[in-house]
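J.: Generate a structure from the sequence data that follows.
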Amino acid sequence: MHGFHWIQGILMEIEAAAKSENLTEVAKVTIRRGQLSDYPLAELKLAWEMLTEGTICQGARLNIIEEAAVMECHGCGKELPWQSDLTACPICQGQLQLVSGTEVQLMDIQGT
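T.: You can find the predicted model right below:
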């Protein structure tokens, strides 16, 4: 249930941002979710529905942008889409490191 905890955290951020921007209602929130995120998509959506009730975000649409995971080669610097069975760079046989696709991040808040 890590998604619930994460949504609770961004609700606090959203409420603080809304207050500083003099928003009385939030209509849409956009987050970016990496392909290999620890937060399942369905859990984030359920947490949003449950935890926004009675808040400034009640009824707001949650827009989730899915981001592909990317690996980078230490040898040649080539970036490649993540593949679970790829252990070495197909170009130089260098070591690969996951460089993106695990994060979840608040991107945008829209309201009035």
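J.: can we go C-alpha only for contacts and neighbour counts from here?
T.: Noted.
J.: Please enumerate residues in contact with the longest helix along the chain?
T.: Ranked by number of residues, the top helix in the chain under DSSP state H is helix 2-20. With contact meaning C-alpha atoms under 8 Å, 6 or more residues apart in numbering, helix 2-20 is reached by 24, 26, 38-40, 43-44, 47-48, 51-52, 56-57, 106, 109.
J.: Apply 7 Å and report the result again.
T.: Outside helix 2-20, the residues that touch it by C-alpha atoms under 7 Å, 6 or more residues apart in numbering are 39, 43-44, 47-48, 56.
J.: ChimeraX command to pick out the buried ones of these?
T.: Per 16 or more other C-alpha atoms under 10 Å, the buried members of the contacts of helix 2-20 correspond to this ChimeraX selection:
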select :39,44,47,48,56
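J.: Among the contacts of helix 2-20, name the ones in helices.
T.: Using DSSP H, those in helices are 43-44, 47-48.
J.: ok now stretch 91-105, how far from the chain's centre?
T.: Its chain's average C-alpha position is 17 Å from that of stretch 91-105, according to C-alpha atoms, centre = their mean, to the nearest Å.
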